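**Q** This is a predicted model, with the sequence first.
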Protein chains: 2
Amino acid sequence: MARIFNFSAGPAVMPEQVLVQARDEMLDWHGSGMSVMEMSHRGKEFISIAASAEADLRALLAIPANYKVLFMQGGAQAQFALVPMNLLGSATTADYVDTGQWSKKAIQEAKRYCTPAVAASSEKERHTRVPDRAQWRLNPNAAYVHYTSNETIGGVEFHWIPDTGSVPLVCDMSSDILSRPLDVSRFGLIYAGAQKNIGPAGLTVVIVRDDLLGRAMPATPAVFDYKAQAEAESMLNTPPTYAMYLAGLTFKWLQGQGGLAAIERRNIEKAALVYELLDQTEFYRCPVRREDRSRMNIAFTLRDAALDEPFLKEAKQQGLAELKGHRSVGGMRASIYNAMPLAGVKALVDFMREFERRHG
Amino acid sequence: MARIFNFSAGPAVMPEQVLVQARDEMLDWHGSGMSVMEMSHRGKEFISIAASAEADLRALLAIPANYKVLFMQGGAQAQFALVPMNLLGSATTADYVDTGQWSKKAIQEAKRYCTPAVAASSEKERHTRVPDRAQWRLNPNAAYVHYTSNETIGGVEFHWIPDTGSVPLVCDMSSDILSRPLDVSRFGLIYAGAQKNIGPAGLTVVIVRDDLLGRAMPATPAVFDYKAQAEAESMLNTPPTYAMYLAGLTFKWLQGQGGLAAIERRNIEKAALVYELLDQTEFYRCPVRREDRSRMNIAFTLRDAALDEPFLKEAKQQGLAELKGHRSVGGMRASIYNAMPLAGVKALVDFMREFERRHG
C-alpha cells in the first residue's frame, strides 16, 4: 500500500524524508558499521548525534544560553509530576490554568506534591476557549504558573504567551512546540513529549532556565532530577538514543523547510483551509472560539452524528486515517502537525466537501 | 563499510535480522501505509504489535498468569527508585546484595525512601565474585531482597537463583534477561532496561507478581505506579511504541533461534571460547571467580597495561569495536549478548591469540 495521510494526534505522522534517511541508515550509520540504536551512548558516534540534535534544537528555537536542554523519558505525563517535584522548593502551591483535559491531568498529578490553585479555567465554556488573561487570578507566592499551550483533545491553542511577572511560567508544549517561532526567554520551563512535532514516543524534551535547577525534593528519583541530568548532559542514565537520533533528523528537516517562521506560515495555511470549510457550512461545526483555534488539532463535529461512522469509513478508504475524535469527546479530529503535508490537508478538505455533497 | 562486530555493553548489538525487518517496514508496516512510530498507540495496528510482544515474551520466559508484564520508560536506573517507591508499603527497610557498581547504585537510590540494608557484599573481594548464599544475613521484615543477576561492569553473574523464603525477591536483570530459561515464579519482581538483550534504549520491562501491586507511596508519579500501569496495560500514558515494536521483533527472532534453551547453549559456547583463552595464558587475565563469571560481559586485563591502546586500536581496525572496559575499572570488556554471533566471538578470540603472538 502507498503511504496514507495519517491524522493521528500522536504518535503522529513523521516527515517522510526523516523516515527514508532512518531506513537507509538502519544497518550502518555513516560508515560506522552500526545502527544508531546499537551505539554506546558514551561513544563518539552517538555523542556527536546528541550534540547535533541539541545544537539544532537550540538554533531552531533560539534558546538563550542560560537555559538547559534535557532529553528525558516518561512523556509529558511524567512531567506532570516531575515539574512540581523539581520546582516547588519551599513553596506549597503553584498556579494552574485549566483549558481542557491535559491541563486537568497536570493539576490532578500536582496534588500529590502541593495544593495547586486553578488560576483560571474555561470549564464553564466547556473548554472551547482560552481564559482571557484579565480573568486570571495569580498568586505571587506560587512556585510557578503552569499552562498547556495547545490542548490536543479539545483543539484549543494559545496564540499568545501569558505574562506572569516574576513567577516562572511553565508550559506543556507537547503538541505545538516547533510549530512557530518562540520567545523562550518568557518561560521558566517548557516541556514536550516528542510524539507530535519532534519524533517518536519515548523521548521528552525539557527546556529549563538555569536558576530553577537544584530545588528537587528528596523523593525525586535521580534520573528525573533536572539538575542532575543537566550536569550529566542528559546522560546520567542511558537516554533513549534512537529517539534522539530521529528527533535530530526532524530538526534538520525543519531547518531544510526554512526554519520555524516558514513552518508557521505553512501551518497557518493548512489550518485555514480546514477552518474555512468548517465555517462555510452548517454540515460541519467547530466548537472552538475563533481566536483560540488550534493550528495543530482541529476538532469538529458533523451535524448529524449518525454520519460519523460513514465519514470515518469513507475517509479511510481514501487513505485519510485516524480522524476519529478522542474517545472522551467524540466527533472528529484532524491533527495536522508540521509533518502533515499540504497535500494531505487538501485531500481532507476535498473529501469533506464531497462527503457533504453526497450526504448534506 | 560492512557491519562490524560491536562488543558494546549497551546500547548493544541487535540481531541483524531484526534491523533488516525494521528497515524494510520503516515506511509502511504490513500495508498500513504508516511507520510503526507514526501509529496511534490506541489504534488496532499498534495494539496488535504490543499484544504480540507481550505474548511472545510471556511464552519465552513461561511467565505465570499471576504476573503482570509492564512496558515502562526510564531504564533500570529509574527502577532503582521506583522499586522502593512501589514495594516498600509500610516497611522501613529492604535487603540488598552488593555485587558491584550497579547494585551499589540501586542501594544508593533506595536511601531516598528507606534504610536499605546490605545483606551480603563481595566488596572485600573487589566484586570479583558473588557472595555465597550461606553468608547472606536476611531480615524477615524487609520489604524485599534486591540483587543484580549480572554486573555489566564487573562481569560477575549469578548462575543460581537465591532462596529468600517469604520475602519477595527483586532482581535487576537488565544485562542477562532472556539469555537462558528462567523460573519466574521464584521472583516477586524482575526489571530490565531493554538495551542489552531486548531492544533499543528507552524501554524498560517490568515483570511483577500480582500481590505486590497497590503499595505505591503517594509521591509515586502516576505513570510510574506499577498498579496503575498494570490496570492500563502499560498505556496509562503513551508507551515507547517503536522500542516496543523492536523488542517484539527481537522476541520473534529468539523464538526462531529455538527459544531460551537453545540461546543458552549458544551463550555457554560463546563465553567458553573466550574464558578458555583467558585461562590458557598469562598474557590475559580474568579477575572473576570461575563459577561466577558472566556469559554476557567478559571483563579481562592485559598483563601489560601499556598494550591496552594498541590492543584496542588493532581490534578496531579488524572490525572488533567497543572492547574498552568501563571507565571506572579500565582493562577490557567484551559484551557478547544474545545478538552477538558466534562468528564475532571467534573473530575476537582469533585476534586475541594473534595479538598475543606478536606482543607476548
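**A** In hand now; what should we look at?
**Q** Okay, buried residues for the strand or helix carrying A:L312 please.
**A** Secondary structure here is read from DSSP states H and E; on that basis A:L312 sits in helix A:308-317. Going by neighbour count (16 or more other C-beta atoms under 10 Å in any protein chain shown), the buried part of helix A:308-317 is A:308, A:311-312, A:314-315. The C-beta positions use only the backbone N, C-alpha and C, and glycine is treated the same way.
**Q** Next: stretch A:177-194.
**A** Along stretch A:177-194, these residues count as buried under the neighbour rule (16+ other C-beta under 10 Å): A:177-180, A:182, A:184, A:187-194.
**Q** Spatially nearest residue to the residue of the stretch 51-200 of chain A found nearest chain B, not counting backbone neighbours?
**A** The nearest approach of the stretch 51-200 of chain A to chain B comes at A:A81, 3.4 Å away (C-beta to the nearest C-beta). Using C-beta to C-beta, 6 or more residues apart in numbering or on different chains and skipping the chain neighbours, the partner closest in space to A:A81 is B:P221 (3.4 Å).
**Q** one step back: phi and psi next, for the residue of the stretch 51-200 of chain A closest to chain B.
**A** phi -90, psi -40 (degrees, to the nearest 10).
**Q** Tell me the confidence at it?
**A** Note for A:A81: predicted pLDDT of 98.
**Q** Break chain A down into its domains, please.
**A** With domains defined by automatic domain parsing, chain A comprises A:16-256, A:259-359.
**Q** Any chance of the ones you listed in CSV with distance to B:D225 as columns?
**A** Below are the domains of chain A laid out as CSV (distance: least, C-beta to C-beta, whole Å):
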stretch, distance to B:D225
domain A:16-256, 10
domain A:259-359, 21
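**Q** out of those, deepest packed?
**A** Each of the domains of chain A was given a mean neighbour count from mean count of other C-beta atoms under 10 Å in any protein chain shown, and the largest, a mean of 21, is that of domain A:16-256.
**Q** for the closest residue to A:L169 other than its chain neighbours, what are its contacts?
**A** On the basis of C-beta to C-beta, 6+ apart, the spatially nearest residue to A:L169 that is not a chain neighbour turns out to be A:F187, at 5.0 Å. Each residue near A:F187 by C-beta atoms under 8 Å, 6 or more residues apart in numbering or on different chains is listed here: A:161, A:168-171, A:207, A:209.
**Q** where's A:K252 relative to A:D95, distance?
**A** 37 Å (C-beta to C-beta, to the nearest Å).
**Q** what about A:I47, distance to A:D24?
**A** Counting by C-beta to C-beta - A:I47 and A:D24 are separated by 22 Å.
**Q** swap in A:E231?
**A** If you measure A:E231 against A:D24 using C-beta to C-beta, the figure is 36 Å.
**Q** Repeat that for A:A91.
**A** Computed with C-beta to C-beta, the distance linking A:A91 and A:D24 is 50 Å.
**Q** Also A:P84?
**A** Here the distance between A:P84 and A:D24 works out to 43 Å (C-beta to C-beta).
**Q** cool, and A:D279?
**A** In this structure, A:D279 lies at 43 Å from A:D24, with C-beta to C-beta as the measure.
**Q** and if you look at A:V208?
**A** Using C-beta to C-beta, which is the criterion applied here, A:V208 is 35 Å from A:D24.
**Q** Where does the prediction get shaky in chain A?
**A** Counting by pLDDT under 70, chain A shows low-confidence ranges at A:1.
**Q** again, only using 90
**A** Under the criterion pLDDT under 90, the flagged ranges of chain A are A:1-2, A:326-330, A:360.
**Q** can you map out the helices along it?
**A** With helices called from DSSP state H, chain A shows them at A:16-24, A:44-61, A:75-87, A:101-110, A:226-231, A:241-256, A:259-280, A:308-317, A:342-359.
**Q** For the ones you listed, could you give me TSV that also reports distance to B:L246?
**A** As requested, the helices of chain A are arranged in TSV below (distance: least, C-beta to C-beta, whole Å):
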stretch	distance to B:L246
helix A:16-24	12
helix A:44-61	17
helix A:75-87	18
helix A:101-110	28
helix A:226-231	25
helix A:241-256	8
helix A:259-280	30
helix A:308-317	27
helix A:342-359	27
